[in-house]
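> fold the following, please.
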Amino acid sequence: MHTLNPTLWRTCRVLAGGKRIQLLRQIHDLPGRNVAGLAESVGVGRAAASQELRRIQSRGLLQSERHGVAVVYRLGADPQVRSAVPLVKALETALSRLPPARDLEMARLAFGLAYPRRIALAQALLAGPQSETELGIALRLSAFAVFSHLRILRDCGWVRRENRRMVLAPPDHPLAKALVRLLPTS
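Residues are numbered from 1 along each chain as shown. Below is the predicted model of the structure:
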């Protein structure tokens, strides 16, 4: 089986949260606001916003500063997290160029890769189109597991079927491009 980068699927799991994406939008569009202001802007309590921001920060995508008793977050990559720099750049690009109405696309794209088996399937498809049977054999997955995970990948915009084979076909989105480059190669 291919080696997996546990950081990538865990980071995708964090980015798959709609409220987290909303918080990232607020941080990007209105920098310098404290946690209370961010919480109010996305309609959650201060404790919930703080917890969600810490989750994003734990993946290396945010930096924080204390201003008295208030904590202010900004998009910024943790240099110790290998995947953080390209992901922060992709998030900044998407948040700058795409309207807020398209923000949930990022959560959907991240959800597609928010599980180790889906990353393994996407990684296997980097080599080229494969049938579901070939994928199951290569990854030692049951037919049901392959079918289920490919369905999620398809629904999230990562794969499509061409001539009875599955093809990795990520959308033209800054986050999708960054995630494909971060897929581990065998």
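
> for this protein, which segments count as strands?
Listed in chain order, the strands of the chain (DSSP state E) span 62-67, 70-75, 159-162, 165-168.

> low-scoring stretches of this protein, by residue?
When residues are selected by pLDDT under 70, those of the chain lie in 1-6, 185-186.

> go with 80
Low-confidence segments of the chain, defined by pLDDT under 80: 1-6, 184-186.

> quick check: domain ranges of it?
With automatic domain parsing serving as the domain definition, the record reports that the chain contains domains spanning 6-98, 104-182.

> contact partners for the residue located most distally from the centre of the chain?
Within the chain, Gly68 marks the point farthest from the mean C-alpha position, 32.1 Å out by C-alpha atoms, centre = their mean. With contacts defined as C-beta atoms under 8 Å, 6 or more residues apart in numbering, Gly68 has no neighbours. Glycine gets a C-beta too; all of them are placed from N, C-alpha and C.

> related to what we said a few turns ago, quick one: closest of the strands of the chain to Arg108.
With respect to Arg108, and counting by C-beta to C-beta, the nearest of the strands of the chain is strand 159-162 at 13.5 Å.

> tell me how far the ends of stretch 72-84 are from each other?
Taking C-alpha to C-alpha, to the nearest Å, the first and last residues of stretch 72-84 lie 19 Å apart.

> for that stretch, which outside residues touch it?
Here stretch 72-84 has contacts from 5, 7-8, 11, 24, 27-28, 31-35, 38, 53, 57, 59-66, 85, 87-89, 91-92, 182, using C-beta under 8 Å, 6+ apart.

> 6 Å instead?
Judged by C-beta atoms under 6 Å, 6 or more residues apart in numbering, the contacts made with stretch 72-84 from elsewhere in the structure are 7-8, 27, 31-32, 34, 53, 60-65, 85, 88, 92, 182.
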